[in-house]
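Student: turn this into a structure:
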Amino acid sequence: MSTATEHPSEEADSTPVPAARSPLVVQWAERHGVEVARRLADAEDFADQVQRRLRPANTTDTYAKAWRVWTRFCVAQGFPELGPTRGALVAFVVWLLDRGRADGKGYAASSASTILAGAVVELRRRGAEVGRDDQAQARATLEAAAVELLKAGERRGRGQAAAAEVPDLYRVARACPDTLAGARDKALVLTGFHYASRAQDPAGLLAGDVALTPRGLVVSVLTGKTKHSVRDAKINYQQDPEVCPVEAWKAYRTRLGAEAEPRWSEPDAPAFVGVDRHGNVSGGMVPDSVTRAVKRISTRAGIPLAWTGHSLRIGLATTARKKGKDAVAIADQGGWARHSRSMNGYFQRVDGWEDNATAGLT
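Tutor: Numbers count the residues shown, from 1 in each chain. Below is the predicted model:
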């Protein structure tokens, strides 16, 4: 990877400056001269490239969606894309809740909040100035409007994802067909449950990231959501081999080695592969295909509340809590911060019933 300062000055003169960055370049030119301004602009471009390479794919997708929604809003209102005034941002969040979706309906408050945050990131990346107070007022407006929607009886969004539970794991294991795809499905769910996977986690795993040891598996999970880039989640052998994630992983890898080309068993191959209806490997799974697979697997197993891509993650937290596991141990296994609000919210699903003022009154 070369740096911007390695670009020869002759080439810098022929490099067009992005329109969104022009005002900054003009300021740099006034202070430091045209040549230095060009070099600083090249450095900004280089920084953008590095950021794009290091940014998790799901975050990039979220920002891209937020920008598309913002541009759609600007077209509808006749506002300039790079004019995020206080009024424009407040109008944006009201529009999001009122009719911001492509089908003309309003977003759920949580989705609107994510879109606002992503739009602000993209606006700043394009050189627009977004005042902190302006953004804060937009967010306060969003929160107040969300409360009014609740008072009016509106309920939007899908709500909390269903948590996978141990009886569900048995249903899944028994419903998986005796095929390569079935072995993959079983391993995907059983291992994912035990390391609290998000949809992007198994999609990002290579075969070499899953190590078999005498006591079980060590899964090296890449994560872009904490300061730790990798966590090593240890998965013990379970007493019942029918739902043992270690046995499921071994069976899947054995079958993959026997039925697919050798390259799919190499350490640098995807840990979980797509399998077409003819039983042929079609490539590595991506987050969307993992989410679809988890939903399809739960439906096939007859699980009453269909799973989403987060169901395995919630399931590990709630099941471990029921079993009395230490909160720190649960956090470390799932890659949560030890005082994570989301993890504590999952705990509340359990504690809200067990530690409840109405429990055992009669």
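
Student: any idea how far Q239 is from F73?
Tutor: 55 Å (Cβ to Cβ, to the nearest Å). All C-beta atoms are positioned from the backbone trio N, CA, C, and that covers glycine.

Student: more neighbours, the two?
Tutor: For F73 versus Q239, neighbours defined as other Cβ atoms under 10 Å are more numerous around F73 (21 against 8).

Student: the more buried one touches W95, doesn't it?
Tutor: Yes. Between F73 and W95 there is a contact under Cβ atoms under 8 Å: 5.5 Å.

Student: what residues are shared contacts of the two?
Tutor: Shared contacts of F73 and W95 (Cβ atoms under 8 Å, 6 or more residues apart in numbering): none.

Student: which SS class is L190?
Tutor: helix (DSSP: H, G, I helix; E, B strand; the rest coil).

Student: number of residues surrounding it?
Tutor: Neighbour number of L190 under other Cβ under 10 Å is 25.

Student: quick one: the residue lying closest to it once chain neighbours are set aside and Q239, what's the gap?
Tutor: Distance criterion Cβ to Cβ, 6 or more residues apart in numbering; nearest residue to L190, sequence neighbours excluded, is P245 at 3.9 Å. Going from P245 to Q239 by Cβ to Cβ gives 12 Å.

Student: so the residue lying closest to V219 once chain neighbours are set aside: helix, strand or coil?
Tutor: Excluding the flanking residues, the one nearest V219 by Cβ to Cβ, 6+ apart is A233, at 4.7 Å. What three-state DSSP gives for A233 is strand.

Student: just confirm A233 contacts Q333, I think it does.
Tutor: Yes. A233 sits in contact with Q333 when judged by Cβ under 8 Å, with a separation of 5.7 Å.

Student: now do the shared contacts for these two.
Tutor: 195-196.

Student: export stretch 167-177 as PDB, just CAs?
Tutor: What follows is stretch 167-177, C-alpha atoms only, in PDB (Å, rounded to 0.1, in the frame of the first residue of the first chain):
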ATOM      1  CA  PRO A 167     -35.100 -27.400  22.800                       C
ATOM      2  CA  ASP A 168     -34.900 -25.500  19.400                       C
ATOM      3  CA  LEU A 169     -31.400 -26.800  18.900                       C
ATOM      4  CA  TYR A 170     -32.800 -30.400  19.100                       C
ATOM      5  CA  ARG A 171     -35.500 -29.500  16.600                       C
ATOM      6  CA  VAL A 172     -32.900 -28.100  14.200                       C
ATOM      7  CA  ALA A 173     -30.600 -31.100  14.500                       C
ATOM      8  CA  ARG A 174     -33.400 -33.600  13.800                       C
ATOM      9  CA  ALA A 175     -34.700 -31.600  10.900                       C
ATOM     10  CA  CYS A 176     -31.400 -31.200   9.000                       C
ATOM     11  CA  PRO A 177     -31.300 -33.600   6.000                       C
END
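
Student: quick one: contacts of it?
Tutor: With contacts defined as Cβ under 8 Å, 6+ apart, stretch 167-177 is touched by 182-183, 185-186, 189-190, 193, 242-243, 248, 297-298, 300-303, 315.

Student: switch to 6 Å and redo it
Tutor: 182, 185-186, 189, 242-243, 297, 300-301, 303 (Cβ atoms under 6 Å, 6 or more residues apart in numbering).

Student: and for stretch 269-287?
Tutor: With Cβ under 6 Å, 6+ apart, stretch 269-287 has contacts from 180-181, 188, 199-200, 202-203, 205-207, 210, 260, 264.

Student: quick one: average confidence on it?
Tutor: Mean per-residue pLDDT for stretch 269-287: 94.

Student: pull the distance from it to the chain's centre.
Tutor: Relative to the centre of its chain, stretch 269-287 is centred 20 Å away, using Cα atoms, centre = their mean, to the nearest Å.

Student: what residues of it count as buried?
Tutor: 269-275, 281, 284-287 (16 or more other Cβ atoms under 10 Å).

Student: re earlier: the residue nearest to L190 contacts F193, correct?
Tutor: No. Contact criterion Cβ atoms under 6 Å: P245 and F193 do not qualify, at 7.2 Å.

Student: what segments of this protein are strands?
Tutor: 210-213, 216-222, 230-236, 273-275, 281-284 (DSSP state E).

Student: quick check: angle from the third one to strand 216-222?
Tutor: Put plainly, it is strand 230-236. Between the axes of strand 230-236 and strand 216-222, defined by axes from the mean of the first three to the mean of the last three Cα atoms, to 10 degrees, the angle is 160 degrees.

Student: quick one: strands adjacent to strand 230-236?
Tutor: Here strand 230-236 has these sheet partners by DSSP bridges: strand 216-222 (antiparallel).

Student: what's the neighbour count on the residue nearest to L190?
Tutor: 25.

Student: swap in the one 3 residues further on?
Tutor: A total of 26 residues lie near A248 under the criterion other Cβ under 10 Å.

Student: tell me the confidence at R171?
Tutor: Turning to R171, the model gives it a pLDDT of 96.

Student: could you count how many residues lie near it?
Tutor: Neighbour tally, R171, other Cβ under 10 Å: 18.

Student: that one and R72, how far apart?
Tutor: Counting by Cβ to Cβ - R171 and R72 are separated by 42 Å.

Student: any low-confidence regions in the stretch 251-362 of the chain?
Tutor: Low-confidence segments of the stretch 251-362 of the chain (pLDDT under 70): 355.
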